[in-house]
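**Student:** quick one, fold the following:
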Amino acid sequence: MLNYIEVEYLGKRIAAELTPITFLTGNGKSFLIYEIINTIKNIGYKIPKISYKNFKIVLRIKDMTYALQRAGPIYRQTLERGKDRVIFEYGTINGVRISRLIEPSEMSVKSADVIMPFVEVTEHVAILADEEIERLNKLIGEFRKAFSLRALLIGPFVSPRTFYRPSEGKTELRPDGSNLVGVLSMLAYKSPDDFERLRSMFKKIGVKLAVGLTNKNILGGAVYIQGVRLPLSKLPCSLKMALTIGAAVASRPDILAVDNLDYCFNENVASVLAAFLEEQASRGQVIAEVHNPAIVEHFKAQYKSVVSVSL
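**Tutor:** Numbers count the residues shown, from 1 in each chain. This is a model prediction of the structure:
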């Protein structure tokens, strides 16, 4: 799990230690969540566009610290563990593109515009021995492995559809929960134990969940409340959010990020949501943004914290 985060831009800064369940309050909460997820999801890919000319994000897992910084036209990445430090820079200076390793030695490399790039020299150089390049790449590979966490983002609003066409492709849960039926159906097929545990949680509050094929070979979803059938798209808002978060947890991400956790929140679903968050925290991490700090009291998890953001 992420142990520490830091974001700095427009002269503002937030730094915080994270716990298995971290609630974010204050201003700039959503911005913080999106920057964390955007960085993690792009490891090994091009650095995503950073709109601010002066920006910095720092992530730490155990003894590994990764920092991405933009200072004007230059992007700098720093990977640190103990006495080891690797720094890359890329950008444009006076119309000339640079892509280079700065530490432990300075030399041109191929892809410093990739998050956590490997050291690939543009031509044969003798600045670093092959053994040293191999050692650096092994270290970078360990960083990639540690930080390549599977992250799911839910929110800020959810709107599950009642039907889902299998032809729509892969069934990773979307932030708005629109493909919830597809995700639930995949869980029922590939992870029946997780699906049944999800259903049993809702049975405790009088909600029976059902998914399956319709007569048009389209997947459909509905719930039964006191014998009344309701399609997913017609559910009360609080149930839509609870079902979406439940499906996200059942999908077993490393990090579950929820933007606007208290969207349509009410006490009828508090016990279910609390159980889901505790389940996620038992094997991963939750980072949740809330507008009303008072709802944190509904979640009695042992390892939770509240971070006030001012960005």
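**Student:** what about the spatially most central residue of the chain, distance to Val286?
**Tutor:** The residue lying closest to the centre of the chain (C-alpha atoms, centre = their mean) is Ala151, at 3.3 Å. From Ala151 across to Val286, the span is 11 Å (C-beta to C-beta, to the nearest Å). Glycine gets a C-beta too; all of them are placed from N, C-alpha and C.
**Student:** run through who's touching stretch 139-147.
**Tutor:** 40, 43-44, 59, 61-62, 64, 66, 79, 81, 84, 86, 116-119 (C-beta atoms under 8 Å, 6 or more residues apart in numbering).
**Student:** for the protein, what helix or strand is lowest in average pLDDT?
**Tutor:** Lowest mean confidence among the helices and strands of the chain (mean pLDDT, DSSP states H and E): strand 107-108, at a mean of 90.
**Student:** that one pairs with which strands, and in what direction?
**Tutor:** strand 96-103 (antiparallel) (DSSP bridges).
**Student:** quick one: buried residues of the strand it pairs with?
**Tutor:** With burial defined by 16 or more other C-beta atoms under 10 Å, the residues of strand 96-103 counted as buried are Ser99, Leu101, Ile102.
**Student:** ok, so of these, who is nearest Ser233?
**Tutor:** Ser99 (48.6 Å; C-beta to C-beta).
**Student:** okay, now the closest residue to Ile295 other than its chain neighbours: neighbour count?
**Tutor:** Nearest residue to Ile295, sequence neighbours excluded (C-beta to C-beta, 6 or more residues apart in numbering): Asp262, at 5.0 Å. By other C-beta atoms under 10 Å, the residues close to Asp262 number 21.
**Student:** Ile74 against Ile87, yeah?
**Tutor:** No - judged on C-beta atoms under 8 Å, Ile74 makes no contact with Ile87 at a distance of 11.6 Å.
**Student:** who's more crowded, the two?
**Tutor:** Taking neighbours as other C-beta under 10 Å, Ile74 and Ile87 compare with Ile87 leading, 17 against 13.
**Student:** quick one: residues contacting that one.
**Tutor:** By C-beta under 8 Å, 6+ apart, the contact list for Ile87 reads Arg76, Gln77, Thr78, Leu79, Leu101, Ile102, Glu103.
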